[in-house]
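>>> curious how this folds, go ahead:
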Amino acid sequence: MLLLVERSSVDLVDVLAFVRVVETGAFARAAERMDISKSILSRRVARLEEQLGAKLLTRTAQGAQPTDIGQAYHARASNILAELEAAQEIVADAVTQIAGTIRITAPLSFGTQHLAPALADFARMHPKVELDVSLNDRTVDLLAGGYDMALRIGNLQDSALVARKIAPVRAVVVASPKYLDERGRPEHPRDLAEHSLLFYANIPATSSGASASAIAGSM
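Here you go, the predicted model:
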């Protein structure tokens, strides 16, 4: 008659405690490495030995040494723990790493001067992200155009999109010295009515306090 005894599964932390003792050669150093008390670590190793039904360590005044069975167990156990740690890192990378395509639209001059360097740094940090960038001064519909994000300069209209102010924009009136010599220098904003003005049609007229904003589709 065969008697089958089901051995209870061991606690991986107990196995780790044993491996750390073998690696450091002492219970105190292993406990410090695992950031637990020496007594708790000792109980974990003792519980592992009890569950396995074998003595894994020989305790000496100088520390602890693995027995022959302990050496064999350590060789297998340390490899398993290393594989488990590698598997956890793979999962962690997959969860935390950004991947996919991000479609962005931004004004031409702002995009080339400010956005391009920032996107280059972002691409180096997240190599699995594909950036689809459209630099155009026309205001496009994010949803209709399939964009994930847009950068806008000026006061934003009310919408359901999420907007964040990223920088202030200062608007100034400029003129060439030759023009001022010919037409005179305005002293007050109302004087501009008597001057020839050049407007940029793709930027809507705004009041003071304009800003550069990043807009993303609402979640």
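>>> buried stuff in the lengthiest helix in the chain?
Identified as the longest helix of the chain according to DSSP state H is helix 68-96. Neighbour-count burial for helix 68-96, counted by 16 or more other CB atoms under 10 Å, picks out G70, Y73, H74, A77, S78. The way it works is simple: take the backbone N, C-alpha and C, and place the C-beta from them, glycine included.
>>> which one of these sits closest to V172?
Set against V172, the nearest of those by CB to CB is S78 (67.9 Å).
>>> what about the residue lying closest to that closest one once chain neighbours are set aside, helix or strand, and which?
Nearest residue to S78, sequence neighbours excluded (CB to CB, 6 or more residues apart in numbering): V19, at 5.2 Å. Element membership for V19 (DSSP states H and E) is helix 12-24.
>>> what's the local residue count around E23?
For E23, the number of neighbouring residues by other CB atoms under 10 Å comes to 12.
>>> for the helix holding V19, packing partners?
helix 27-34, helix 38-52, strand 57-59, strand 64-66, helix 68-96 (3 or more CB pairs under 8 Å, 6 or more residues apart in numbering; DSSP states H and E).
>>> picking up where we left off before, the longest helix of the chain versus helix 38-52: what angle between them?
110 degrees (axes from the mean of the first three to the mean of the last three CA atoms, to 10 degrees).
>>> going forward, the N-terminal residue is numbered 45.
Sounds good: first residue 45 from here, last item helix 112-140.
>>> what mean pLDDT does helix 112-140 have?
Taken as a whole, helix 112-140 has a mean pLDDT of 87.
>>> so that helix versus helix 56-68, what angle?
Going by the same axes, to 10 degrees, helix 112-140 makes 110 degrees with helix 56-68.
>>> name the residues that touch the next helix or strand after helix 112-140?
Using DSSP H and E, the helix or strand that follows helix 112-140 towards the C-terminus is strand 144-150. Outside strand 144-150, the residues that touch it by CB atoms under 8 Å, 6 or more residues apart in numbering are 159, 163, 172-180, 184, 186, 189-195.
>>> what residues sit buried inside the very next helix or strand once past strand 144-150?
Toward the C-terminal end, the helix or strand that comes next after strand 144-150 (DSSP H and E) is helix 152-154. In terms of neighbour count (16+ other CB under 10 Å), helix 152-154 has its buried residues at F154.
>>> following element in sequence after helix 152-154, please.
helix 160-169.
>>> quick one: low-confidence residue ranges for this protein.
The chain contains residues with pLDDT under 70 at 45-52, 139, 202-203, 245-263.
>>> domains for it, by residue range?
As recorded under automatic domain parsing, the domains making up the chain are 56-140, 144-260.
>>> ok, now how distant is L175 from T145?
8 Å (CB to CB, to the nearest Å).
>>> which one of these two is surrounded by more residues?
Neighbour count, other CB under 10 Å: between L175 and T145, L175 has more, with 13 against 9.
>>> tell me the secondary structure of that one, please.
strand (DSSP: H, G, I helix; E, B strand; the rest coil).
>>> name all residues that make contact with it.
Counting by CB under 8 Å, 6+ apart, L175 has contacts T145, I146, I148, L163, F166, A167.
>>> one more time with 7 Å, if that's ok
I146, I148, L163, A167 (CB atoms under 7 Å, 6 or more residues apart in numbering).
>>> gap between the last one and E174?
A167 is 9 Å from E174, where distance means CB to CB.
>>> same thing with the second one?
For I148, the distance to E174 under the criterion CB to CB works out to 11 Å.
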